[in-house]
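*Asks:* mind folding the following:
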Amino acid sequence: MSLLALPETALASLGRACFAGLAAVGRVAIYAAVTLWHIIRPPFYGREFFSALLSVGWLSLPVVGLTAIFTGGALALQIYAGGQRFSAEAVVPQIVAIGMVRELGPVLVGLMIAARVTSSIAAEIATMKVTEQIDALTTLSTNPMKYLTVPRVLAGFLTVPLLVGVGDIIGIMGGFLVSTEQLGFNRASYIKNTVDFLQTADVVSSLIKGAVFGFIATLIGCYYGMNSGRGAQGVGSATKNAVATASILILAANFVLTSVMFGQ
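*Replies:* Take a look at the predicted model:
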C-alpha cells in the first residue's frame, strides 16, 4: 500500500465506523419505539412485571443506599475543604443538597442500575436466546417483546425514580452526619438550610432523570440480550456492551436533561 493511499484508507475506516454507529442508534431507536407500542397493547404479563419490580427496585436498594451515603459524606468534606479557602464553610448544607438532588443522586443511581440491572437483564435474556428459550416462547405464541422486554422496561421506568428519591435522601443524610459529627455544624440549622434551599423544581428534575435513566438502563439490557451472539462469548459480549452503552447514554441523557431544565 502506498503512502498516498493511507489517508484514503483511514477516511474510509472512519466513514464505516460512523455509518455503523448511526445504524446501531437507529436499531435501538426502533427497538424503543416497538417497546413503547407494546406497552399500551394487551396482553400484559403481571407476574413478570412484579418480578421485575422486585429485581430492579427492591433488590437495588442496598447498593443505592451505600453509594449515596458515602457520596454525600465525601461531598460534604470536599465542599467544606474548598469553602475554607474563601471563608464560605456555611454553604455546605445548601451545596450538598443541590448537588445530590440535581446531579449526583440521579446519575450515581443510574450508573448503579446500569452496573447491576442492565448487566443482569442482558445476561439473562442472552442466555435464554443461546438456549433457544426465546424460540420456544415464539413457538408457544408468546411475543418475546411483551413477555421479556415490556415488564422490565416498565419496571425500570417506575422504580428507578423511587430509588433516586431514596438515594437523594440518604445522600443528604450522609452529608448531614459528616457535617454535624465531624465538622461541627448545628443539626437544626443544617436541616433548616437544606429544606429552605431546595425547590420543588430540583426534586421534580431528579425524579424525571430517574425515570429516563431507568428506561434507558432496562431497554439497553433487553436490546443487547435479544441481539446477542451465540455461545458463552456472545453472552459475555452482550453483557459488556450493554453496561458500557447504558452508562454512556445515561451520562449523555443527563447532560441533555440538565441543559433543558436548568440551561439559560
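
*Asks:* ok, Thr118 touching Ala217?
*Replies:* Yes. Taking contacts as Cβ atoms under 8 Å, Thr118 lies within contact range of Ala217: 4.8 Å. Quick note: C-beta positions are derived from backbone N, CA and C, even for glycine.

*Asks:* what about these two, which has more around it?
*Replies:* Shown here are Thr118 and Ala217; by other Cβ atoms under 10 Å, Ala217 has more neighbours (34 against 30).

*Asks:* and the strands in this protein?
*Replies:* Using DSSP state E, the chain contains no strands.

*Asks:* shaky segments in the chain?
*Replies:* Residue ranges of the chain with pLDDT under 70: 1-8, 264.

*Asks:* centroid residue for it?
*Replies:* Central residue check for the chain by Cα atoms, centre = their mean: the C-alpha nearest the mean position is that of Gly110, 2.5 Å away.

*Asks:* who are the contact partners of that one?
*Replies:* Counting by Cβ atoms under 8 Å, 6 or more residues apart in numbering, Gly110 touches 160, 164, 209-210, 213-214, 216-217, 250, 254.

*Asks:* by neighbour count, which of those wins?
*Replies:* In terms of neighbours by other Cβ under 10 Å, the contacts of Gly110 top out with Ala217 at 34 neighbours.

*Asks:* hmm, that one is touching Gly156, no?
*Replies:* Yes. Using Cβ under 8 Å, Ala217 is in contact with Gly156, at 5.8 Å.

*Asks:* which neighbours do those two share?
*Replies:* Taking Cβ under 8 Å, 6+ apart as the criterion, Ala217 and Gly156 both touch 113, 117.

*Asks:* residue ranges of the helices in the stretch 1-150 of the chain, please?
*Replies:* In the stretch 1-150 of the chain, the helices defined using DSSP state H, counting those that start in this stretch lie at 5-39, 46-56, 61-84, 92-98, 105-113, 119-130, 133-139, 144, 150-181.

*Asks:* now the first one against helix 150-181, angle please.
*Replies:* Helix 5-39 and helix 150-181 are oriented at 100 degrees to each other (axes from the mean of the first three to the mean of the last three Cα atoms, to 10 degrees).

*Asks:* for helix 5-39, which positions count as buried?
*Replies:* By 16 or more other Cβ atoms under 10 Å, the buried positions in helix 5-39 come out as 28, 31-32, 35, 38-39.

*Asks:* next one: stretch 153-171
*Replies:* Applying 16+ other Cβ under 10 Å to stretch 153-171 flags 153-171 as buried.

*Asks:* what do you get for stretch 136-143?
*Replies:* The neighbour-count criterion (16+ other Cβ under 10 Å) identifies Leu137 as the buried residues of stretch 136-143.

*Asks:* may I have the distance across that stretch, first residue to last?
*Replies:* Stretch 136-143 has an end-to-end distance of 10 Å (Cα to Cα, to the nearest Å).

*Asks:* and the contacts of that stretch?
*Replies:* Contacts to stretch 136-143, defined as Cβ under 8 Å, 6+ apart, come from residues 38, 144, 147-148.

*Asks:* centre of the chain to that stretch, how far?
*Replies:* 30 Å (Cα atoms, centre = their mean, to the nearest Å).

*Asks:* again with stretch 147-165
*Replies:* The answer for stretch 147-165 is 11 Å, by Cα atoms, centre = their mean.

*Asks:* same question for stretch 78-90.
*Replies:* 31 Å.

*Asks:* looking at the helices of the stretch 1-150 of the chain, spot the one closest to Asp202.
*Replies:* With Cβ to Cβ, the closest approach to Asp202 among those belongs to helix 92-98: 6.4 Å.

*Asks:* so which elements touch the closest one?
*Replies:* Using 3 or more Cβ pairs under 8 Å, 6 or more residues apart in numbering; DSSP states H and E as the contact criterion, the elements in contact with helix 92-98 are helix 61-84, helix 150-181, helix 187-197.
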